[in-house]
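A.B. asks: here is a sequence together with a model predicted from it:
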Amino acid sequence: MMQSAGTLHGQLQRGLGRAARRAADKPGAGEYVYDCIRRDPRWDPQCESRGLYYARLMVDLELPVGPVAEHLFAPADHGLSVADDERRIQLALDVLTELVRLSRREAAAPLRRYAEEGDHWFDALYALAELGDPALAAGMDALVAARCDEATLVSLISDPHNPVIESWAARQPRIAAALTRVRETGRPRRPGGGTGDRGDRGERTEAELLDMARRRDDGAVAAIFELGRRRAPELLDLAEEILPQRPNRWGGAVCRALRQYGPEALPRARSWATTRGGCADMGLSILARYGTHQDIPLLMTELRDALEHRDWRGSAGPIEGLGRLRAGEAVPLLKTAWTESTYSFLRPRVLTALTRTAPHTAESYTVEGLWDCEEGVRQVASQTAPLTSETRIRLQRLHHDDAEEPGVRATAAGRLM
């Protein structure tokens, strides 16, 4: 259950930097961290980051890894689906992996044990391989060779020059053969060869391409993309036919093709956004990227409605557009989105918008952002946070932290020069 954003527990669930900064001074903070790891609070685990955030808190609070390991091996809830059980343990695996990167090498032991005994053993095995330290994965080559079929072996080899994979391959012929195949297929293709039927599509008129697109066959997608490449008005007409229908491959192709369009699509986008039909989302997306000051009232209304209904993903476009337009009237809503949203992946957009619309107001948010769970927030914060004794120390830590993303490390280093 998500706690109030006004509580330390709720802020830790959301991955807010303010919680990481105050946790050391709050009794019971460690139990809140463990609870977040046990009950993954992410609104969208595919997009949101928490592993490094909670691992850093465990280091700062000097928390032992035992409770995280116990959670991994606790019996799954009765009736839990395979997908839900995987979600139950995935954050714990991420935290243990990041702890190892933060030099808490004792966290590797439960990773190894889970790879040997856990239901979702591949996830732990993949994490051990990604750590890139053969010593931590020594002796596991036999398990890999015994459990992994050919497709699984290929999935395990994300980097064909990973020293862990190479050490396993030196002992197991099957792994060596899979590694060779990955290296072979990963080689760049020789230049030359045909260009498909693009030349044929390039010779067709917009009317002919529109007719091809309406056939809804394999050639329709290529025709849609060619119309998008040309920024043809006919694609806007086609969008009004396809997008109101149930989601399908042609509707997805139209949405991707429309990303090629610029301000010339604004009149139609305004019509779509105001009529709230099947094209409304695409209309708002175009307004967010290319709208002018006349579109601020509509974007404000959309953001207000999205926040009221806790539609975090739906608020992303209006936030981006209002920030681009430097709409000062959006600042109260942006502050609400920052604090209340349970979708941390939204916060990089919010922080960018705040720095553009109200630089002075944004300063406290940029400082907080140096401790945020999202890489994108830390990146923006590293670029824009005011330099004080506190922020310099934090930037130094980000710069020297091997577990930090390279882009954040480089930005932090640049600010310290």
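C.D. replies: Great, that's in hand.
A.B. asks: list the residues that contact the residue nearest the centre of the chain.
C.D. replies: Among the residues of the chain, the one closest to the centroid is residue 47, at 3.3 Å (Cα atoms, centre = their mean). By Cβ atoms under 8 Å, 6 or more residues apart in numbering, the contact list for residue 47 reads 343, 345. All C-beta atoms are positioned from the backbone trio N, CA, C, and that covers glycine.
A.B. asks: need the three-state assignment for it.
C.D. replies: Classification of residue 47 using DSSP: H, G, I helix; E, B strand; the rest coil returns coil.
A.B. asks: look up phi and psi at it.
C.D. replies: Main-chain dihedrals, residue 47, degrees, to the nearest 10: phi -110, psi -30.
A.B. asks: use 737 as the first number for this chain going forward.
C.D. replies: That works, and once the first residue is 737, the last one we named lands at residue 783.
A.B. asks: what's the next secondary structure element after the helix or strand where residue 962 lies?
C.D. replies: With secondary structure defined by DSSP states H and E, residue 962 is part of helix 954-966. Next along the chain after helix 954-966, taking DSSP H and E as the criterion, comes helix 969-978.
A.B. asks: what's the distance between the helix holding residue 962 and the middle of its chain?
C.D. replies: How far helix 954-966 lies from its chain's middle: 29 Å, per Cα atoms, centre = their mean, to the nearest Å.
A.B. asks: so which other helices or strands are in contact with it?
C.D. replies: In terms of contacts (3 or more Cβ pairs under 8 Å, 6 or more residues apart in numbering; DSSP states H and E), helix 954-966 is packed against helix 934-939, helix 942-949, helix 969-978, helix 985-994.
A.B. asks: sketch out the low-pLDDT regions of the chain for me.
C.D. replies: 812-819, 922-938 (pLDDT under 70).
A.B. asks: mind naming the longest helix for this protein?
C.D. replies: helix 818-837 (DSSP state H).
A.B. asks: just checking, what packs against it?
C.D. replies: Using 3+ Cβ pairs under 8 Å, 6+ apart: helix 818-837 touches helix 765-774, helix 787-796, helix 802-809, helix 844-853, helix 857-867.
A.B. asks: buried ones in the first one?
C.D. replies: Using 16 or more other Cβ atoms under 10 Å as the test for burial, helix 765-774 gives 765, 766, 768, 769, 770, 772, 773, 774.
A.B. asks: can you list contacts of that helix?
C.D. replies: Residues contacting helix 765-774 (Cβ under 8 Å, 6+ apart): 744-745, 748-749, 759, 786, 790, 793-794, 797, 799, 803-804, 807, 827-828, 831.
A.B. asks: and stretch 1053-1068, by the same measure?
C.D. replies: Outside stretch 1053-1068, the residues that touch it by Cβ under 8 Å, 6+ apart are 1020-1021, 1023-1025, 1027-1029, 1031-1032, 1035-1036, 1038-1039, 1042, 1070, 1073, 1082, 1085-1086, 1088-1090, 1092-1094, 1097.
A.B. asks: dump the longest helix of the chain to CSV, restricted to CA.
C.D. replies: Taking C-alpha atoms only, helix 818-837 is exported to CSV below (Å, rounded to 0.1, in the frame of the first residue of the first chain):
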residue,chain,number,x,y,z
VAL,A,818,4.6,-16.7,-12.0
ALA,A,819,4.8,-13.1,-13.1
ASP,A,820,3.7,-11.7,-9.7
ASP,A,821,6.2,-14.0,-8.0
GLU,A,822,9.0,-12.8,-10.3
ARG,A,823,8.0,-9.2,-9.4
ARG,A,824,8.1,-10.2,-5.7
ILE,A,825,11.8,-11.0,-5.9
GLN,A,826,13.1,-8.8,-8.7
LEU,A,827,13.7,-5.7,-6.7
ALA,A,828,15.5,-7.7,-4.0
LEU,A,829,17.8,-9.1,-6.7
ASP,A,830,18.4,-5.6,-8.1
VAL,A,831,19.3,-4.3,-4.6
LEU,A,832,21.7,-7.1,-3.9
THR,A,833,23.4,-6.6,-7.3
GLU,A,834,23.8,-2.9,-6.7
LEU,A,835,25.2,-3.6,-3.2
VAL,A,836,27.9,-5.6,-4.7
ARG,A,837,28.8,-2.7,-7.0
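A.B. asks: hmm, who's touching that helix?
C.D. replies: 773-774, 776, 778, 781, 786-788, 790-792, 794-795, 801, 804-805, 807-808, 812-813, 816, 843-844, 846-847, 850, 854-856, 859-860, 863, 866-867, 869, 872, 1138-1139.
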